[in-house]
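S.K.: need coordinates for the below:
(2 chains)
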2 protein chains.
Amino acid sequence: MNAEIITIGDEILRGDTLDTNSNWLAYELSKIDITVSKISSISDEKEVIYKSIRNSLSRSQFIILTGGLGPTNDDITKSVLCDYFKDHLVLNNKVLNQIESLFKQFNKTVTVSNRQQAFVPSKCKVIHNKWGTAPGMWFTQDDKDVLSFPGVPFEMKNIFLSIIEIIKSKYKLKSIYNETVLTQGVAESHLFENLDIWMQKKPKNLKVSFLPSAGLVKIRLSSRNKHIFKSQLSKLKKQLNDIIYGFNNDTLQQIVVDLLLENNKTIAIAESCTGGAIQQLITSVSGSSKCFKGGMVVYSNKMKITQLNIKQSTIKKYREVSKQVAAEMARNIQQKFNSDFSIATTGFAGPTGGTKKNPVGTIYIGIVTPEKSYVKKMQIGLGRDYFIRVASLTALNIIRKEIIDL
Amino acid sequence: MNAEIITIGDEILRGDTLDTNSNWLAYELSKIDITVSKISSISDEKEVIYKSIRNSLSRSQFIILTGGLGPTNDDITKSVLCDYFKDHLVLNNKVLNQIESLFKQFNKTVTVSNRQQAFVPSKCKVIHNKWGTAPGMWFTQDDKDVLSFPGVPFEMKNIFLSIIEIIKSKYKLKSIYNETVLTQGVAESHLFENLDIWMQKKPKNLKVSFLPSAGLVKIRLSSRNKHIFKSQLSKLKKQLNDIIYGFNNDTLQQIVVDLLLENNKTIAIAESCTGGAIQQLITSVSGSSKCFKGGMVVYSNKMKITQLNIKQSTIKKYREVSKQVAAEMARNIQQKFNSDFSIATTGFAGPTGGTKKNPVGTIYIGIVTPEKSYVKKMQIGLGRDYFIRVASLTALNIIRKEIIDL
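M.R.: Okay, the predicted model is just below:
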């Protein structure tokens, strides 16, 4: 089945707001075998919205509109839909109750314009919005559907998810077999080469997309055929083996925290060039306080010496960006915080700094595990933010493998 | 002048890739008084691309296409443009040289498909791409323009910026007076109330957009009229006064680092509930090593006591999330690292934790300046990531004001 997504709002066309709704919807629709054939962003004008609905319906069976359902004057989607479907507004008491109870919760009084949101076109099926004031609407005409959702991403997502099973059963859609394999540490071009033969041999009805981002490459597989999907996924897993760190919505930080908790182990982190980014990733996971013993950000040599007891002689002899300093940092932070694992980073994030031996982009990652300690040296290009991101993910992935190997 | 943006690629329609190009282009075009009337994302199909160009040209004078210019088989934008403009491909030696020198730089050999990228339609003006292999193309027909850029954001942006002055002079466009005022610490609804009278009185040809995100509200002003723009901007600045932390692309972390360096001051940071996020923001700024003395992430009570010398009695008497612990953390980290300023955070980021007195969302921010020390208590809602983000930005803004007040 073909679908189109239309996002409504001048703020998108002026570049003030990035439309993330379409991306999210397109992904969710692809999982239930609905093909999005077009995404449009259009302005808050009556005639423009009207024409867009008409044109989309001439091409596609299933249209999702987002935006333009707020309480202010420039929110006109509902009135255009009334025009389009030759309909009129009626008060929906369930929606009104929802609005009133929401306002009560926040100790606010319901204004006239908020009350207006409880009026809905008589011909539509109301999709209740437990997360905000504007309900979703579902029109059906001539075997085609037009769904209208509020533009607030949080509300839109929850409303859509509340009706996904209804959509699937109405159109007898089956979920596509769909899995995103997450890899770290191998460049996209390398992955392509590794997977060249598999890509050439794979059946046509298995779709494969490569989605690279800083330090990571995600490989999305999808197919309507269960057998093909399962066997090809298992082939891919075998071939990529330990460069896979997870699947779908997994994150490295969540996996590392989960593994530490499962194994009843702890970690401490000392960061120079990554400036707290690794600790920030770890502590972004709820429950990490149970396995993250603590950490330090030691930027200057003086602080490395006075706070983390790095020997002055080590820095003097090998410089602060060196294997030796990384090793000492990792060892000292592990002892200081009495943890099972530790990570330490020292390097040149750039754009300034760097030496002939260790140019900008050089990083030494010190690792301590209950069984061993070592330092990994890497060269990372392409700017400070990229450097910090790749270094942090690399360090987390090293720890992930070490915990698994325990 | 009206423009449309068309992004080409199945990866967008499948939800695998978020289209950020349209947002960036729309913003840049709005600054030079070009109104984007529609943004579309379409698939890599010949007929679809052809029709989209035709329909867009029937409505708008200026069309920008991005994507579909790569060296692989599904990149067909160039061949569709040839069809549309009844044109044929010719070898462009300057483009070929660019491709060859780029490949030489990375020690790679030019493949046949890469060489193919040097063939361009004879009727278009080639827009050279110093940042990649696919050149931009500019077609003009019947006083209308079709520009085609590669989809890689970095290349697209640089190519567009390289011709922005040509676009402006061709259409005698004047840059719009445009400024984004950045505020921290006041909710959007509060700002609305504060600015209600100003909004009602402001001239119609001043456009104002409110753009809220976690902890921040950006207010974008734009106008074609210099006098109105300047006088209204100055009124807004007066009214908002010290809740403005910067303008346009400023970030709080960059401003704080700049202020510290200008004043030859230093900072140290001890984080519990923000888990390194503040240090991560500070160290994301190049040159921050000169003012950031270092910091600690002390999650557990034990670590607060053993590493940061927080008195056991303070924690016992007041609990770890308290004014007293925040104050001691700030004082101790400042002394430990011998800095001029310090920040300390302790709170309940959630979703677990919290007490009756201090429910999830409570944070105490301890501050030390060369002149005083104090603790600010806040209540932040809406989830862990939001909590950490708002807390971090609030802390940075407090320090910003303190440095200015020195």
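
S.K.: would you confirm that A:Y364 contacts A:E320?
M.R.: No - with contacts defined as CB atoms under 8 Å, A:Y364 does not count as touching A:E320, sitting 9.9 Å away. Heads up, the C-betas are built off the backbone N, CA and C, glycines and all.

S.K.: so what's in contact with these two at the same time?
M.R.: Applying CB atoms under 8 Å, 6 or more residues apart in numbering or on different chains, one finds that A:Y364 and A:E320 are jointly contacted by A:T346.

S.K.: any idea which element A:A268 lies in?
M.R.: Assessed by DSSP states H and E, A:A268 sits inside strand A:267-271.

S.K.: just checking, what packs against that strand?
M.R.: helix A:277-283, strand A:292-297, helix A:323-337, strand A:341-347 (3 or more CB pairs under 8 Å, 6 or more residues apart in numbering or on different chains; DSSP states H and E).

S.K.: now the second one - C-alpha only, CSV.
M.R.: Spelled out, it's strand A:292-297. What follows is strand A:292-297 as a C-alpha-only set of coordinates in CSV (Å, rounded to 0.1, in the frame of the first residue of the first chain):
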residue,chain,number,x,y,z
PHE,A,292,29.5,3.7,37.6
LYS,A,293,31.8,4.4,40.6
GLY,A,294,32.8,7.8,39.3
GLY,A,295,35.3,9.6,37.2
MET,A,296,37.5,12.6,36.6
VAL,A,297,38.1,15.0,33.8
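
S.K.: what does that strand rub up against?
M.R.: For strand A:292-297, using CB under 8 Å, 6+ apart, the contacting residues are A:257, A:266-272, A:275-276, A:278-279, A:282-283, A:307-308, A:333, A:337-339, B:269, B:275-276, B:279, B:283, B:292, B:294-300, B:303, B:307.

S.K.: same check, this time on the third one
M.R.: Under the criterion CB under 8 Å, 6+ apart, residues A:266, A:268-270, A:272, A:293-296, A:298, A:304, A:308-311, A:314-315, A:317-319, A:339, A:341-346, A:364-368, A:373-375, A:377, B:303, B:307 lie in contact with helix A:323-337.

S.K.: got the contact list for the closest residue to A:A277 other than its chain neighbours?
M.R.: Among residues not flanking A:A277 along the chain, A:S392 sits closest, at 4.5 Å (CB to CB, 6 or more residues apart in numbering or on different chains). Neighbour list for A:S392: A:G215, A:T274, A:A277, A:I278, A:L281 [criterion: CB under 8 Å, 6+ apart].

S.K.: where does pLDDT dip in chain A?
M.R.: Per-residue confidence of chain A (counting by pLDDT under 70) places the weak regions at A:106-107, A:382.

S.K.: domain-wise, how is it divided?
M.R.: Following automatic domain parsing, one gets these domains for chain A: A:2-170, A:177-247, A:252-405.

S.K.: deepest of these, which one?
M.R.: Of the domains of chain A, the one with the most neighbours on average (mean count of other CB atoms under 10 Å in any protein chain shown) is domain A:252-405, at a mean of 21.

S.K.: pretty sure A:Y386 contacts A:A277?
M.R.: No - under the contact definition of CB under 8 Å, A:Y386 does not touch A:A277, with a separation of 11.7 Å.

S.K.: show me which helix runs longest in chain A.
M.R.: The single longest helix within chain A, with elements called by DSSP state H, is helix A:384-405.

S.K.: how much space separates A:L65 from A:K172?
M.R.: With distances taken as CB to CB, to the nearest Å, A:L65 is found 24 Å from A:K172.

S.K.: show me how far stretch A:102-110 is from its chain's centre.
M.R.: Stretch A:102-110 has its average C-alpha position 32 Å from the chain's average C-alpha position, going by CA atoms, centre = their mean, to the nearest Å.

S.K.: what about that stretch, near chain B?
M.R.: No - contact of stretch A:102-110 with chain B (CB under 8 Å from any CB of the partner chain) is absent, the minimum separation being 9.4 Å.

S.K.: quick one: end-to-end distance for that stretch.
M.R.: 9 Å (CA to CA, to the nearest Å).

S.K.: alright, that wraps it up for me.
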